[in-house]
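Chemist: pasting the sequence and the predicted coordinates here, then a few questions.
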Amino acid sequence: MWRLLREGVRFYRPVLLTSWGFGAGIFFLVLALIAVVGSVRDLNAMARAGVQLPLAILIASLVAGFIAIGTERSENRVRMHLMLPVPINQVAVARVLLPTALMILGLVASHVLFALLLAIEGSPVLSPRHGNVDFIGMQLLFWVQVGLAVREVIELRHRVSWQGALGSKALLVTAVAVMAVIQLGPWQSAVLRAAGAAALAVLVMTFTVVLFRRRNVFTK
Amino acid sequence: MSSVPAFALTGVVKRYPGFTLGPLDLTLDPGTVVGFVGPNGSGKTTTLNCIAGLVVPEAGSVDVFGHPADHRAPAWKADIGVVGEAHGFYQGWTANENLRFLSGFHRGWSDQRVKRLADRLGLPLDKKVEQLSKGHLAKLAIVAALGHGPRLLLLDEPTAGLDPVVRAQVLDVLWEVLEDGEHAIFYSTHVLSDISRLADELVFLREGQVLLRSAKDDLTERWRRISFRLAVSDVTVASAVEYRRVRAEHQVVTDDGEATLAHLRELGAEAIEQSRMTIDEIAVAILKGGNHVAAP
């Protein structure tokens, strides 16, 4: 499993780095535009906007995760992986861990950037935002996993009746509703909210693995 | 040589909307080559996917060298090499990187074997898969399938859409693979001329059912096109698969030339002429005729 995951990350590393490049590039382009056409007040706002750079990297990692999911499907990777002498559980887990690994790398990069900004700026503006980065990262991980889970529910729908797939659809909708509660709820602790989002992402990953194992056609 | 079949399908059934494969009972002995012939949509690819474990049948069992084709205990996959319509290669990697990826999972992988095959086929290993032509992609699929030295090769139209030169190269390599007598090959194709050299037996499939399984030599020996003259307007001839009458001349295609000739002599037929049929002509007659051909 780890070899499958490691090779997958190696394959999508250029995609991830390119996404980060685009994310940072767009961010700096906006800053440059503000610097050229903005006022002094805008420049102050721009300084505060510096803290958004790590979040741009995080969102770029989400994009890389979705690209990985789409590419794996379009290149029929399941077919290749299932012909390897690797148990199906490991193939299934490696599938959900691939976009997760890309998101985790993005999260680590964001933390490093925050640490750098803190060292340079030392601004009190940064600290609360830094505390939120894990929560934002886990939310994005949840959404990328929902993308994979939806794919599996569609596969399920191909082999059972509409009613037969109802339970799985309901579970997925419930997970999305719970995530909305975590996002909008009154809880102040960023750590608790991040832990809640992470737990929900893990539940969706487990759901995807179970559905994948129950498939009876692995040609797509 | 092992007495355990390379694969055994027992009562395999797979249902899709508007199509049912089986119940299918099929075995392949080690060291034999079986051509799997049938029209589009007859279930050839589904059958191969069932053996490869890519499709799980609703009923019946699939065994590969005596082991159930179960994804939870995947050791049986080390004995299989598959060349299908889709392959799953990493398009952004070179052929070499893809082969290196596969080598990490197979104990029996031999870089030496891979290099020899790649050289033999003229496969550019340093080219990205997305830049490979259809012919080179087919060659890569063959090399990848043979890299770990599998005892069973499942080939799903491996030469489809290839030009005659590449097709000949691929078939030459398969011929060489067979030389040691250890490999079993299950070869699905429309192009019967491809397998006429390789195959020991042919299995004909139509609408998810096996119509006939026969030794290739037996087919070419028994099937005949016979013309004769007889002063009757219509006649029923023993073993005739096709019959037509052009003025005074009657023409039949028979799946038992000797029996038909004996019957015609009894009937007093004159100007009897017989000709052998190519394997292509026999396949068309079998698949067109359908249900009157006895199942094995």
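Modeler: Thanks, I have it.
Chemist: now the residue in chain A that chain B sits nearest to: closest residue in space, sequence neighbours ignored.
Modeler: In chain A, the residue that lies nearest chain B is A:M80 (2.8 Å; CB to the nearest CB). Quick note: C-beta positions are derived from backbone N, CA and C, even for glycine. The shortest distance from A:M80 to any non-neighbouring residue, by CB to CB, 6 or more residues apart in numbering or on different chains, is to B:G88 (2.8 Å).
Chemist: looks to me like the one you found is in a strand.
Modeler: No. Per DSSP: H, G, I helix; E, B strand; the rest coil, B:G88 lies outside any strand segment and is coil.
Chemist: do a quick rundown of the helices in chain B.
Modeler: B:44-52, B:95-103, B:111-121, B:134-146, B:164-178, B:192-196, B:216-222, B:257-267, B:279-289 (DSSP state H).
Chemist: which parts of chain B sit against chain A?
Modeler: Proximity of chain B to chain A is confined to B:49, B:52-56, B:58, B:71-75, B:77-78, B:80, B:82, B:84, B:86-93, B:101-102, B:104-106 under the rule CB under 8 Å from any CB of the partner chain.
Chemist: the closest residue to chain A within the stretch 51-200 of chain B: neighbouring residues, count only.
Modeler: Proximity of the stretch 51-200 of chain B to chain A (CB to the nearest CB) peaks at B:G88, 2.8 Å away. Neighbourhood size, B:G88 [other CB atoms under 10 Å in any protein chain shown]: 20.
Chemist: so it makes contact with A:N76?
Modeler: Yes. Proximity of B:G88 to A:N76 meets the contact threshold set by CB atoms under 8 Å, at 4.4 Å.
Chemist: does the strand or helix carrying A:L116 reach chain B?
Modeler: Element membership for A:L116 (DSSP states H and E) is helix A:88-121. Yes. Helix A:88-121 comes into contact with chain B (CB under 8 Å from any CB), by way of A:I88, A:N89.
Chemist: just the buried positions in that helix, please.
Modeler: Neighbour counts over helix A:88-121 (16 or more other CB atoms under 10 Å in any protein chain shown) mark A:88, A:90-103, A:105-107, A:109-111, A:113-114, A:117 as buried.
Chemist: and if you look at stretch B:83-93?
Modeler: Quick answer for stretch B:83-93 (16+ other CB under 10 Å): B:V83, B:G84, B:H87, B:G88, B:F89, B:Y90, B:W93.
Chemist: follow-up on the earlier one: most tightly packed of the helices of chain B?
Modeler: helix B:44-52 (a mean of 24; mean count of other CB atoms under 10 Å in any protein chain shown).
Chemist: then that helix to PDB, C-alphas only?
Modeler: Below are the C-alpha coordinates for helix B:44-52, written out as PDB (Å, rounded to 0.1, in the frame of the first residue of the first chain):
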ATOM      1  CA  LYS B  44     -15.400 -12.200 -24.700                       C
ATOM      2  CA  THR B  45     -14.000  -9.200 -22.700                       C
ATOM      3  CA  THR B  46     -16.300  -9.900 -19.800                       C
ATOM      4  CA  THR B  47     -15.100 -13.500 -19.700                       C
ATOM      5  CA  LEU B  48     -11.400 -12.400 -19.700                       C
ATOM      6  CA  ASN B  49     -12.200  -9.700 -17.000                       C
ATOM      7  CA  CYS B  50     -13.800 -12.400 -14.900                       C
ATOM      8  CA  ILE B  51     -10.600 -14.500 -15.100                       C
ATOM      9  CA  ALA B  52      -8.400 -11.500 -14.400                       C
END
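Chemist: how far off centre is that helix?
Modeler: 12 Å (CA atoms, centre = their mean, to the nearest Å).
Chemist: and if you look at stretch B:5-19?
Modeler: With CA atoms, centre = their mean, you get 16 Å for stretch B:5-19.
Chemist: pLDDT on it, on average?
Modeler: The pLDDT scores in stretch B:5-19 average 92.
Chemist: again with stretch A:4-18
Modeler: The average pLDDT for stretch A:4-18 rounds to 95.
Chemist: and the gap between B:T278 and B:A285?
Modeler: Going from B:T278 to B:A285 by CB to CB, to the nearest Å gives 11 Å.
Chemist: between those two, what contacts are shared?
Modeler: Taking CB atoms under 8 Å, 6 or more residues apart in numbering or on different chains as the criterion, B:T278 and B:A285 do not both touch any residue.
Chemist: and the spatially most central residue of chain A, what element?
Modeler: Nearest residue to the geometric centre of chain A (CA atoms, centre = their mean): A:L141, 3.2 Å. Taking DSSP H and E as the criterion, the element that holds A:L141 is helix A:126-159.
Chemist: please identify the buried residues of that helix?
Modeler: Neighbour-count burial for helix A:126-159 [16+ other CB under 10 Å]: A:126, A:129-130, A:133-149, A:151-153, A:155-156.
Chemist: what's the answer for stretch B:206-216, then?
Modeler: Neighbour counts over stretch B:206-216 (16+ other CB under 10 Å) mark B:R206, B:G208, B:Q209, B:V210, B:L211, B:L212, B:R213, B:S214, B:K216 as buried.
Chemist: packing partners of the helix or strand harbouring the residue of chain A closest to chain B?
Modeler: Secondary structure from DSSP H and E places A:M80 in helix A:77-82. Judged by 3 or more CB pairs under 8 Å, 6 or more residues apart in numbering or on different chains; DSSP states H and E, helix A:77-82 is in contact with helix A:88-121.
Chemist: got the angle for the helix it packs on vs helix A:126-159?
Modeler: 160 degrees (axes from the mean of the first three to the mean of the last three CA atoms, to 10 degrees).
Chemist: I'd say B:S227 and B:E273 touch.
Modeler: Yes. Applying CB under 8 Å as the test, B:S227 and B:E273 come out as touching, 5.0 Å apart.
Chemist: more crowded one of those two?
Modeler: Comparing B:S227 with B:E273 by neighbour count (other CB under 10 Å), the higher total belongs to B:S227, at 16 against 11.
Chemist: get me the contact residues on chain A for chain B.
Modeler: So chain A meets chain B at A:3, A:7, A:11, A:14, A:75-89, A:215-219 (CB under 8 Å from any CB).
Chemist: quick one: buried ones out of these?
Modeler: The buried subset of the residues of chain A next to chain B - by 16+ other CB under 10 Å - is A:7, A:11, A:75-88, A:215, A:217-219.
Chemist: and for B:G11, nearest residue in space, chain neighbours not counted?
Modeler: Leaving aside its chain neighbours, B:G11 sits nearest to B:G60 (3.7 Å; criterion: CB to CB, 6+ apart).
Chemist: now B:G268
Modeler: B:L230 (7.1 Å).
Chemist: wait, what's in contact with the one you found?
Modeler: B:H250, B:L264, B:L267, B:G268, B:A269, B:E270.
Chemist: which element follows the lowest-mean-pLDDT helix or strand in chain A toward the C-terminus?
Modeler: Using mean pLDDT, DSSP states H and E, the weakest-scoring helix or strand in chain A turns out to be helix A:40-49, at a mean of 61. Heading C-terminal from helix A:40-49, the first helix or strand you meet, by DSSP H and E, is helix A:53-74.
Chemist: hmm, who's touching that next one?
Modeler: A:8, A:12, A:15-16, A:19-20, A:22-24, A:26-27, A:78, A:95, A:98-100, A:102-103, A:105-107, A:109-111, A:113-114, A:117, A:133, A:136-137, A:140, A:143-144, A:147-148, A:151, A:220.
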